[in-house]
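Peer 1: just a sequence and a predicted model for now, questions to come.
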Amino acid sequence: MKVLDTDLLVAVLRGKEDAKKALEAVSGDELFASSISIFELYFGAFISQRKQENLRAVENLASSLTVLDLDFVSSKLAAGILAELRTTGSLIGLKDCLIAGTCLKHNAELLSRNISEFSRVRNLKVRKW
């Protein structure tokens, strides 16, 4: 199970060649996104200069993926991640904690370039794309 991080989804929307290659490398797998990443994409579209065009692009991309909701279990896991990282002084962003909690709940591998942040999360499977 592969979850595409926001950075990969943004690169896909921008038509980046390396993002296309990353998707080709996992073409046999069902691809997922966290509802947090979808939120981030919509937010970016809403504040962009080409709002309507970007909203349509996000809608098309989101509809092609299975979106994993932030539920009770993933919220609890994310809170635990944030608490643990707080005690070690190695915090990561709140949205990244929520994405990581969602991945942990589903025992999914996260495809991201944000390795420096996500590698701090114990038991999270993360692969650089």
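Peer 2: Noted; the coordinates are in hand. Numbering: from 1, shown residues only.
Peer 1: dihedrals phi and psi, Glu40?
Peer 2: Dihedral angles of Glu40 (phi, psi; degrees, to the nearest 10) stand at phi -60, psi -40.
Peer 1: nearest spatial neighbour of it, skipping sequence neighbours?
Peer 2: Thr6 (4.7 Å; Cβ to Cβ, 6 or more residues apart in numbering). (C-beta placed from N, C-alpha, C; glycine too.)
Peer 1: report the contact partners of the one you found.
Peer 2: 36-37, 40-41, 95, 99 (Cβ atoms under 8 Å, 6 or more residues apart in numbering).
Peer 1: dump those residues to JSON lines, plus neighbour count, secondary structure and pLDDT.
Peer 2: Output for the contacts of Thr6, formatted as JSON lines (neighbours: other Cβ atoms under 10 Å; DSSP: H, G, I helix; E, B strand; the rest coil; pLDDT from 0 to 100):
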{"residue": "Ile36", "neighbour count": "25", "secondary structure": "helix", "pLDDT": "98"}
{"residue": "Ser37", "neighbour count": "27", "secondary structure": "helix", "pLDDT": "98"}
{"residue": "Glu40", "neighbour count": "20", "secondary structure": "helix", "pLDDT": "98"}
{"residue": "Leu41", "neighbour count": "23", "secondary structure": "helix", "pLDDT": "98"}
{"residue": "Lys95", "neighbour count": "15", "secondary structure": "helix", "pLDDT": "98"}
{"residue": "Ile99", "neighbour count": "33", "secondary structure": "helix", "pLDDT": "98"}
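Peer 1: understood, closing this out.
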